[in-house]
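S.K.: Sharing a model that was predicted from the sequence below.
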Amino acid sequence: MESTFTKWALGIWTALVIVFLFVPIAIIVVYAFNPSHIQTWPLPGLSTRWFPAAWHNREIRHALWLSVKAALLATGISVTLGTAAAFAVHRFKFFGREAVSFIVVLPIALPGVLTGIALNSFFGFWHIGLSYWTIVIGHATFCIVIVYNNVIARLRRISGSLREASMDLGADTFVTFRRITLPMLSTALISGALLAFALSLDEVIVTTFTAGAQNTLPLWIFGAIRLGQRLPEVNVVVTVVMLATLIPVILAYRLMNRAPADTGK
């Protein structure tokens, strides 16, 4: 059994990690309500003046819309390809199946810089100009992993006897998929799509290497921080982006907790 000292040490360490991760985020949120251009502490007061200023900034709105469009399309591609890969690996036995699984999962394990450089080199080698579509392709490469892992984990929990029983009762493959497999996969698909969208929306490293002249929201934030002239608006945008990515993550977590019980027994 764990000693009292071990429990206290683990508790203190966990608290320190949480503080290290979330205090900087809390500071950014607080500074979003700073009425002054100058970032000083303590704040001279609280104000929401920078929220309408950021909203009426055409450059920010364009970058936000571009990021949302890229995230939505990358999510759609990820759901389609990730689900197909999960079904292929789970349902069929073929030469190189484990290699396919490894290749699909690999992008999430690699540093974003390596993925970005590799994609940039690939596009350059084939003389493909950097554009909105290269952003979508870049984001889809690592968003597929999220959907793939969700779907294949759920498929492994679905008993094959359910599918066999459905087909024994006269249902064809499509009807069995629509009435048996898809309902049991629905929460995994939705949660995977939500997580992929959240991951795509705030991705900056891969976007840097695949955007070209396209100014997505993460790139606008990076440029504004580097110039240091619009920090109040940056704080507002970062706060909104954090909330926008937090909501899909929470929804995905709740959906995964509502997943059907293990059906493999």
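M.R.: Cool, the structure landed.

S.K.: Quick check: which element contains Phe222?
M.R.: Element membership for Phe222 (DSSP states H and E) is helix 217-227.

S.K.: how close does the closest residue to Asn149 other than its chain neighbours sit to Ser191?
M.R.: In space, and not counting its chain neighbours, Asn149 is closest to Val105: 7.2 Å by CB to CB, 6 or more residues apart in numbering. C-beta: built from backbone N, CA, C; applies to glycine. Val105 sits at a distance of 17 Å from Ser191 (criterion: CB to CB, to the nearest Å).

S.K.: Val113: neighbour count?
M.R.: Per other CB atoms under 10 Å, the neighbour tally for Val113 reads 12.

S.K.: in which helix or strand would I find it?
M.R.: helix 112-125.

S.K.: ok so, going back, count the neighbours of the residue nearest to Asn149 for me.
M.R.: Counted with other CB under 10 Å, residues neighbouring Val105 total 15.

S.K.: from what I can see Cys143 touches Ala198, true?
M.R.: No - assessed by CB atoms under 8 Å, Cys143 is found out of contact with Ala198, at 9.7 Å.

S.K.: Comparing the two, which shows the higher neighbour count?
M.R.: For the pair Cys143 and Ala198, the greater number of neighbours falls to Cys143 (31 against 24), based on other CB under 10 Å.

S.K.: which SS class is the more buried one?
M.R.: Three-state call for Cys143 (DSSP: H, G, I helix; E, B strand; the rest coil): helix.

S.K.: Could you check how far it is from Thr48?
M.R.: 33 Å.

S.K.: ditto for Pro111
M.R.: Pro111 sits 38 Å away from Thr48, taking CB to CB as the criterion.

S.K.: rewinding a little: list the residues that contact the residue nearest to Asn149.
M.R.: By CB atoms under 8 Å, 6 or more residues apart in numbering, Val105 lies in contact with 145, 148-149.

S.K.: tell me which of those residues is nearest to Val238?
M.R.: For the contacts of Val105, the closest approach to Val238 (CB to CB) belongs to Val145, at 25.2 Å.

S.K.: Where does pLDDT dip in the protein?
M.R.: 1-2, 213, 227-229, 258-265 (pLDDT under 70).

S.K.: one more time with 50
M.R.: Within the chain, the stretches with pLDDT under 50 are 262, 264-265.

S.K.: all helices of it, in order?
M.R.: Assigned by DSSP state H, the chain shows helices spanning 4-31, 50-55, 58-91, 97-109, 112-125, 132-155, 160-168, 173-176, 182-201, 205-210, 217-227, 231-257.

S.K.: Just to check, Asn120 is in contact with Phe209?
M.R.: Yes - Asn120 is within contact range of Phe209, at 4.2 Å (criterion: CB under 8 Å).

S.K.: Between the two, which is the more surrounded one?
M.R.: Counted by other CB under 10 Å, Asn120 and Phe209 do not tie: Phe209 has more neighbours, with 21 against 18.

S.K.: show me the contacts for the one residue sitting closest to the centre of the chain.
M.R.: Among the residues of the chain, the one closest to the centroid is Leu199, at 1.8 Å (CA atoms, centre = their mean). Counting by CB under 8 Å, 6+ apart, Leu199 makes contact with 142-143, 146.

S.K.: Closest one of those to Ile60?
M.R.: Nearest to Ile60, judged by CB to CB, of the contacts of Leu199 is Cys143 at 23.8 Å.

S.K.: With Thr80 as the reference, measure out to that closest one.
M.R.: Distance, Cys143 to Thr80, by CB to CB: 11 Å.

S.K.: same deal with Asn235?
M.R.: 37 Å.

S.K.: Looking at these two, which is more packed in?
M.R.: Asn235 (22 against 13).

S.K.: ok, the more buried one - contacts?
M.R.: Taking CB under 8 Å, 6+ apart as the test, what Asn235 contacts is 28-29, 31-32, 34, 50.
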